[in-house]
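S.K.: return atomic coordinates for the entry below.
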Amino acid sequence: MSGIDRGEMTMRLPGIVFFLGIALFAVPVRSDAADLPRRECQLAFLEELGWQIEPAAFDAVRRHAGHPCERASLNEARAAGDLRLRVPLDTDDWLSRPSSAAELDAAVWDQASVCAFAIRIGDAMRRATDKLIANRQFKFSAIQTGWIGFGAGSAADAGWEPIFDWGRGFVPVRSNTEAMTAFYRRPVRAECGVGRQVAQYAALAELFGPEAFDRAFERDEIVIGTFNKLNRSRSVLLGSTRGVMFADGFAKKTSALGRQAFNGVPGFLVHVFDLGTLNDLNNQAQNLVVYDVDEGAGRALEAHGGFVHYNRINRRLWELSEPFQVRGLKWFERLLWARDARLLARLTPRERKAFDLMRVLLDDPFYRGFRVYGHPHGVKPIGYFVIRMLDRNPRTPYRLELALHNLHTEIYRRYARDRVEACAADDPRLEAR
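M.R.: Now for the predicted structure:
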């Protein structure tokens, strides 16, 4: 069954300040405030993120953040003059001042820094999902002995060990990196909820790199299984170590930030009407992870304030589908997505009128340019998945939501901490102490 965390459909976190532009956390650097090497490493981290460090005749830091979440890449953001950080000419003297700690923390948690991080997340997500798609042995659930099936070999052979019965929860046996490679190379069967989890973890592995992925996350924080079991575990995605979570189900705030803010964010399509309207329980929902958002889709989402507008269109598409006489498997997919000329020629005048209206709605840039990864279908525009549900469960419309996530809070905090601490650990001035 295409599982979905039901808590994601109803849980909202009132009172939590929106993460971007707010210093939710200071980057922990383990040392006292006068530790020059670690402050130098924070400055190096900002430069690594994409900030252009410019010594200038100022007594304090001046930031020109710009709008990197709206750009196609970090290079485009820098070319547009975004991410400019002006620091005092005597940088060593400035870093030695107590005030520099707060200035560096403010820069690290600037909205532009988190957007620059989101661009990195997007690159990592695309590398990870491309590898998952290349493994033709990573398939959807079938007849198997548990929720996740590892083929002819054991879970341990694939680098995983069970923590719940009936294959409903696993953690890495030896290393996080080794366990994730199983999904790139070995036969594994799992439904789309696990596919979403695997894509999220794989993106973290690509983002952090092999050594840092093992270093920054304990093995029992990398949990795959049913969402119910993840919520009861130490999973860094949804369990007890998840930190501050961000809730923006209908993407109003994310859309306002710009298209890069969607990178790697999990989500789902779910039926609007009750279970009694479902023809295919195995496809009651489709779990997704955002792969990329092109300029047209980003502008459309910003103009319409997120998903509410498009969920109304999803409802209208479903209403328009009712007059059709379905003629075979994947009929709407072939008609509306593939635009099969033979099917089109067989439409009645009433069906042709409905088809023309549906075509206009689906030609919106959002349906074509908002691309997601959904196991086992690979990467496709969101319009494909909306159309697919017309075939699978024609008695209910579907709505799109973003799931709870911590990419820009806990994951960013860990990434910043790991990069700063790894840099500081290599400083000979610290080794001499």
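S.K.: bridging residues for Leu85?
M.R.: Ile53, Arg63 (DSSP bridges).
S.K.: burial measure for it, as a count.
M.R.: 23 (other CB atoms under 10 Å). The C-beta positions use only the backbone N, C-alpha and C, and glycine is treated the same way.
S.K.: my read: Val61 touches Arg86, true?
M.R.: Yes. Val61 is in contact with Arg86 according to CB atoms under 8 Å; the separation is 6.9 Å.
S.K.: the nearest residue to Arg334 once chain neighbours are set aside: neighbour count?
M.R.: Leaving out its chain neighbours, the residue that sits closest to Arg334 by CB to CB, 6 or more residues apart in numbering is Asp340, at 4.4 Å. Close neighbours of Asp340, defined as other CB under 10 Å, add up to 15.
S.K.: state the pLDDT value of Asp340.
M.R.: What the model reports as pLDDT for Asp340 is 95.
S.K.: and what of the one 10 residues further on?
M.R.: Looking at Arg350, its pLDDT is 95.
S.K.: and it, which of the three is it?
M.R.: Under the three-state scheme (DSSP: H, G, I helix; E, B strand; the rest coil), Arg350 adopts helix.
S.K.: and it, what does it touch?
M.R.: Pro323 (CB atoms under 8 Å, 6 or more residues apart in numbering).
S.K.: now stretch 405-422: mean pLDDT?
M.R.: 97.
S.K.: report the buried residues of it.
M.R.: 405-421 (16 or more other CB atoms under 10 Å).
S.K.: kindly report the same for stretch 327-346.
M.R.: Trp331, Phe332, Glu333, Arg334, Leu335, Leu336, Trp337, Leu343.
S.K.: how about the residues you listed in TSV, adding secondary structure, pLDDT and distance to Ala77?
M.R.: Below are those laid out as TSV (DSSP: H, G, I helix; E, B strand; the rest coil; pLDDT from 0 to 100; distance: CB to CB, whole Å):
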residue	secondary structure	pLDDT	distance to Ala77
Trp331	helix	96	44
Phe332	helix	97	39
Glu333	helix	97	37
Arg334	helix	96	41
Leu335	helix	96	41
Leu336	helix	96	36
Trp337	helix	96	33
Leu343	helix	95	44
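S.K.: just to revisit the earlier point, tell me if I'm right that the residue nearest to Arg334 and Trp331 touch.
M.R.: No. Applying CB under 8 Å, one finds Asp340 not in contact with Trp331, separated by 9.2 Å.
S.K.: and for Phe117, the neighbour number?
M.R.: 23.
S.K.: for the closest residue to it other than its chain neighbours, phi and psi?
M.R.: In space, Phe117 comes closest to Tyr412 once its chain neighbours are excluded; the distance is 5.4 Å by CB to CB, 6+ apart. In this entry, Tyr412 is assigned phi and psi values of phi -60, psi -40 (degrees, to the nearest 10).
S.K.: gap between Tyr412 and Met125?
M.R.: 15 Å (CB to CB, to the nearest Å).
S.K.: got it, and Leu275?
M.R.: Following CB to CB, the distance that separates Leu275 from Met125 is 32 Å.
S.K.: what average pLDDT does stretch 370-382 get?
M.R.: pLDDT averaged over stretch 370-382 gives 97.
S.K.: how is this structure partitioned into domains?
M.R.: Using automatic domain parsing, the domain ranges for the chain come out as 36-116, 248-403.
S.K.: of those domains, which is nearest Pro172?
M.R.: Closest of the domains of the chain to Pro172 is domain 248-403, at 19.7 Å (criterion: CB to CB).
S.K.: sketch out the low-pLDDT regions of the stretch 201-350 of the chain for me.
M.R.: By pLDDT under 70, the stretch 201-350 of the chain contains no weakly predicted segment.
S.K.: would you map the strands across it?
M.R.: Secondary structure of the stretch 201-350 of the chain, counting by DSSP state E, counting those that start in this stretch: strands at 224-225, 266-271, 285-293.
S.K.: got it, and the stretch 1-150 of the chain?
M.R.: Under DSSP E, counting those that start in this stretch, the stretch 1-150 of the chain gives strands at 52-56, 62-64, 84-88, 138-139.
S.K.: quickly run through the sheet partners of whatever helix or strand comes next after the last one, with directions.
M.R.: The C-terminal neighbour of strand 138-139 among helices and strands, as given by DSSP states H and E, is strand 160-164. As defined by DSSP bridges, the strand partners of strand 160-164 come to strand 169-172 (antiparallel).
S.K.: buried residues, the strand it pairs with. List them.
M.R.: Gly169, Phe170, Val171, Pro172.
S.K.: now stretch 87-99
M.R.: Quick answer for stretch 87-99 (16+ other CB under 10 Å): Val87, Pro88, Trp94, Leu95.
S.K.: need these in CSV (columns: pLDDT and distance to Gln197).
M.R.: As requested, the buried residues of stretch 87-99 are exported to CSV (pLDDT from 0 to 100; distance: CB to CB, whole Å):
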residue, pLDDT, distance to Gln197
Val87, 95, 41
Pro88, 94, 46
Trp94, 92, 44
Leu95, 93, 41
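S.K.: Ser233 is in contact with Glu218, correct?
M.R.: No. Counting by CB under 8 Å, Glu218 stays clear of Ser233, with 11.5 Å between them.
S.K.: who has more neighbours, those two?
M.R.: Taking other CB under 10 Å, Glu218 and Ser233 do not tie; Ser233 has more neighbours (23 against 14).
S.K.: ok, that one - contacts?
M.R.: Ile163, Gly169, Asp220, Val223, Gly225, Gly239, Ser240.
S.K.: can you spell out which residues form a bridge with the second one?
M.R.: In this case it means Gly169. Phe164, Gly225.
S.K.: wait, Ala202 touches Thr181, no?
M.R.: No. Applying CB under 8 Å as the test, Ala202 and Thr181 come out as separate, 9.4 Å apart.
S.K.: of the two, who's got more company?
M.R.: With neighbours defined as other CB under 10 Å, Ala202 and Thr181 compare such that Ala202 has more, 23 against 17.
S.K.: next one: the closest residue to Phe324 other than its chain neighbours relative to Gly383, how far apart?
M.R.: Closest residue in space to Phe324, ignoring its immediate chain neighbours: Glu351 at 5.4 Å, by CB to CB, 6+ apart. From Glu351 across to Gly383, the span is 19 Å (CB to CB).
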